[in-house]
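A.B. asks: Sequence isn't available, so here's the structure alone:
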């Protein structure tokens, strides 16, 4: 599944659009796995745009599947990393050198985009310079409100916290600071009464 239409939810839950080329002194494109398809869709063969573009591609699960196609775009700079954590130092260096007037394009899973957006905003760039387009898995990055641990790639509700082992309810409340949704204990008032887990968005 590359594209997904998220159901309506509460105001704190992020919403995603479709990437569009904007005027800017430089274009920093940060993508994960199926996000490569979004890059190819919105960039096309715009050489003027690509001559001012730096593509950071994180191939978490896709391996070499999209790398040659992205290289063939011939952007000004191109980097491939195996994970977000392995690539964040590269992103931070790019942000140190970036100037106001740069445009940012994020595409991939929610957790990936949220973490990248945090880095961009910590570097002092405005939210209005950032576009996002969801591609790939709908798995969530969840924070346990009890132990504060982060569990990646949550696809069921409820789920078991990977840190403290509590059964947590998947809420739509989202923390931009943490780039994570909030999970609350399901059986806090009735210990052991845990419903059967169901897959998210099915």
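C.D. replies: Noted; the coordinates are in hand. Only a predicted model underlies this, so the values are computations on that prediction, with no experimental measurement involved.

A.B. asks: outside of the lengthiest strand in the chain, which residues touch it?
C.D. replies: If you go by DSSP state E, the chain has its longest strand at strand 167-175. The contact list for strand 167-175 (CB atoms under 8 Å, 6 or more residues apart in numbering) reads 9-10, 12-14, 140, 142-144, 154, 156-161, 180-187, 194, 200. C-beta: built from backbone N, CA, C; applies to glycine.

A.B. asks: Please pick the buried ones from those.
C.D. replies: 14, 140, 142-144, 154, 157-161, 180-183, 185-186, 194 (16 or more other CB atoms under 10 Å).

A.B. asks: Mind pulling up the pLDDT for the residue most central in space within the chain?
C.D. replies: The centroid of the chain falls nearest to residue 113 when counting by CA atoms, centre = their mean (2.1 Å). Here the pLDDT value assigned to residue 113 is 97.

A.B. asks: Surely it touches residue 105?
C.D. replies: No: between residue 113 and residue 105 there is no contact under CB atoms under 8 Å: 10.2 Å.

A.B. asks: right, and the helix or strand after the longest strand of the chain?
C.D. replies: Downstream of strand 167-175, the next assigned helix or strand under DSSP states H and E is strand 180-185.

A.B. asks: chain center to that following strand, what's the gap?
C.D. replies: 17 Å (CA atoms, centre = their mean, to the nearest Å).
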